[in-house]
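next come a sequence and a model predicted from it.
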Amino acid sequence: MIVRQDPVALRLDIVGAGPAFTDRPGATGAAYLVRHDATAILLDLGQGSFPRLAGLIDPGRLDAVLVSHLHPDHFVDLVALRHFLRWGPRSTRRVRVIGPAGLAERIDALHGEPGFSAVTLDIETLVPGAFAIGSIAVEVRPVTHDGPSFAFRVSAAGGPGLVYSGDCGRAADLDLLVRPGDALLAEVSFGPGPVPPDAAHLDGPSVGALARRSGAGRVLLTHLLMDQDETETVESVRRAYDGPVTMVHPGDQLSIVG
């Protein structure tokens, strides 16, 4: 349940939580809507997630979309957003998009049309650092994955943060982002583990150890591959971490409070 009256709370809607492929109905690509007061930002916009997003908010009212890395299951529905802004109700609006270098070219290449994305998307290059979007503070750090890849910490009014791992192959990369009491939204692609040596992703034991040593207030698990068991994955985190652990699903609504 969302606690709307708390001025420090971040509201989190799980728009999509799926990996690149899945047999779980409705498990669309990564997309996490974060709101505080009048500010709304989206962390990633993966395949199939636009319809649920449009059911939660007028997508033209987004203050920004932050893209963690250049894999389609984290950005490809920017095409749907572009079309909505160009042709949909109350069209001719623009949305700010902040992502790794080369994002605009990837989107344009899908249609073989230079400038395709620039019609409605103001795309900026994401770099490590800290900045504000409306009332939400954002911190960006690089993580080990494939090409330029980033994790985010978002917070508001000095309240607890939400740390989103993106896709990450080394849990220690997140140590400098997580503050005591933060909610950790972590990919756990390979469930209870182990992670194959050639896959730059996380598993439950690595997420549990990260949450324990960083003092995370809660763990939210996402991006689970189709052949991994949810219950076993949650238990593998709990063996290392004694705080609350939840597997999130599209449609979940949470409040990030102290």
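That came in fine, so what should we check first?

assign residue 131 to helix, strand or coil.
strand (DSSP: H, G, I helix; E, B strand; the rest coil).

so where do the helices sit in the chain?
Ranges of helices in the chain, per DSSP state H, are 50-56, 72-75, 78-87, 103-111, 204-214, 230-238.

does residue 47 really touch residue 79, like I thought?
No - counting by CB atoms under 8 Å, residue 47 stays clear of residue 79, with 9.9 Å between them. The C-beta positions use only the backbone N, C-alpha and C, and glycine is treated the same way.

what about the closest residue in space to residue 45 that isn't next to it in sequence, how many residues close to it?
In this structure, residue 45 finds its nearest non-sequential neighbour in residue 77, 4.5 Å apart by CB to CB, 6 or more residues apart in numbering. By the criterion of other CB atoms under 10 Å, residue 77 has 29 neighbours.

how far away is residue 77 from residue 257?
29 Å (CB to CB, to the nearest Å).

likewise for residue 86?
38 Å.

also residue 45?
With CB to CB as the criterion, residue 45 and residue 257 are 26 Å apart.

check residue 29 too.
The value you get for residue 29 to residue 257, if CB to CB is used, is 27 Å.

burial measure for residue 158, as a count.
8.

what pLDDT does it get?
Looking at residue 158, its pLDDT reads 84.

isn't residue 72 right up against residue 48?
No - applying CB under 8 Å, one finds residue 72 not in contact with residue 48, separated by 10.9 Å.

who touches both of those two?
Common contacts of residue 72 and residue 48 (CB atoms under 8 Å, 6 or more residues apart in numbering): residue 29.

report the central residue of this structure.
Closest residue to the average C-alpha location of the chain: residue 43 at 4.0 Å, with CA atoms, centre = their mean.

spatially nearest residue to it, not counting backbone neighbours?
Closest residue to residue 43 apart from its sequence neighbours, by CB to CB, 6+ apart: residue 32 at 4.3 Å.

my read: the one you found touches residue 185, true?
Yes - counting by CB under 8 Å, residue 32 touches residue 185, with 6.7 Å between them.

out of those two, which sits in the more crowded spot?
Counting neighbours by other CB under 10 Å for residue 32 and for residue 185 shows that residue 185 has the greater number, 29 against 25.

who's in contact with the more buried one?
12, 32, 162, 163, 164, 165, 220, 222, 248.
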